[in-house]
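S.K.: Predicted model, plus sequence, below.
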Amino acid sequence: MIKIAIMNQKGGTGKTTSVINISGELIRQGKKVLIIDMDTQGNATSNIKIISEPNKNMADAIIDSNITINDIICHTIIDGLDIIQGGALLGNVFVTLQKMLMGKETVLKRLLDKLPSNIYDFILFDCSPSLESILNINVLVSTDYVLIPIRVDKNSIEGYATMLETIKEARETVNPSLKALGIFMTAVETGSSLDKEMINEFPKMLPDLAFKTYIRKNIEVRKAPLTLQPLCFYNSKCIGSQDYFNLTNEILERLEAEDKQ
Ligand SMILES: Nc1ncnc2c1ncn2[C@@H]1O[C@H](COP(=O)(O)OP(=O)(O)OP(=O)(O)O)[C@@H](O)[C@H]1O
Ligand SMILES: [Mg+2]
């Protein structure tokens, strides 16, 4: 079971879109995936059709240690894709965590440690656009890898350095095995001269981290959430699906190379 957080402290860089569409591609390759929505906005939760909803949620599990991770998993309309819901319900969690004297950063890890490792091939965390959030700190304590989507603009490009610094800090303090899996560009406009320049320059700037695949801007990417399913199940032929297919393969290749080291 490989745990990947899709994180960037900047808003609107394609985190949620990528969590859902990479999950879709992994499912198409026969993998079993659990999405954990750790964002109070709850966009991942509201973009997938949930078909069975337990009466307990992440907030209950954090507040009451008798509730296990299995008690809060929802099945979705996509076979092999489950989700733990986020959204406003996570608001209660903040209060509880603030009151905890010990272990507030490891609550999520302790929950996940009880999940048998043979149920899911992947856990993907959708995160809020923040670094200081205690929920994101819990994710950094729990995950194996961080994947960073960026938009091609000046602030995003500056933002990834902060993200990499945070990963390093987490590795040196709370999660020694944490790694940055890589950085990829989203919503790229291939007709724009700035984007064209970034397509060429970005891999040279970060040869070890930049993914060759970038996700092009595509209206189908925005339509798929309205149908409550990952893009590849809505329109498997569009350029967004092609790009997420290529990105997922590149992610899998990178993970395989890691495994051999
Ligand atoms: N490749 C793409 N083509 C077109 N639109 C896209 C693409 N990727 C993302 N978008 C759109 O950009 C917006 C932001 O994407 P998304 O919600 O995934 O970002 P986010 O990083 O999760 O945002 P937040 O930080 O608020 O959680 C959404 O409206 C989404 O539909
Ligand atoms: Mg989001």
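M.R.: That came through, no problem. Ligands and ions are numbered 1, 2, ... in the order given.
S.K.: what's near enough to touch the closest residue to Ile119 other than its chain neighbours?
M.R.: What sits nearest to Ile119 in space, not counting adjacent residues and going by CB to CB, 6 or more residues apart in numbering, is Lys32, at 6.7 Å. Backbone N, C-alpha and C define where each C-beta goes, glycine included. Contacts of Lys32 were listed using CB atoms under 8 Å, 6 or more residues apart in numbering, and they are 80-81, 119-122.
S.K.: Please repeat the previous calculation with a cut-off of 10 Å.
M.R.: 1, 26, 79-82, 118-122 (CB atoms under 10 Å, 6 or more residues apart in numbering).
S.K.: ok, now Val107?
M.R.: Contacts of Val107 by CB under 10 Å, 6+ apart are 58, 61-63, 65, 93, 96-97, 100, 134-135, 138, 141-142.
S.K.: Give the full set of residues in contact with Ile78.
M.R.: So Ile78 contacts 20, 23-24, 27-28, 33, 48-49, 51, 228-230, 232-233 (CB under 10 Å, 6+ apart).
S.K.: go again using 7 Å as the cut-off
M.R.: 27, 229-230, 233 (CB atoms under 7 Å, 6 or more residues apart in numbering).
S.K.: before we move on, the earlier item: return the distance of the residue nearest to Ile119 relative to Pro116.
M.R.: Computed as CB to CB, to the nearest Å, the Lys32 to Pro116 distance reads 12 Å.
S.K.: Pull up the residues of this structure that are close to ligand 1.
M.R.: Applying CB under 6 Å from any ligand atom, we find that the chain lies next to ligand 1 at 11-17, 39, 41, 43, 129, 186-187, 215, 217-218, 221-222, 240.
S.K.: same thing but 5 Å
M.R.: By CB under 5 Å from any ligand atom, the residues of the chain that approach ligand 1 are 11-17, 129, 186-187, 215, 217-218, 221-222.
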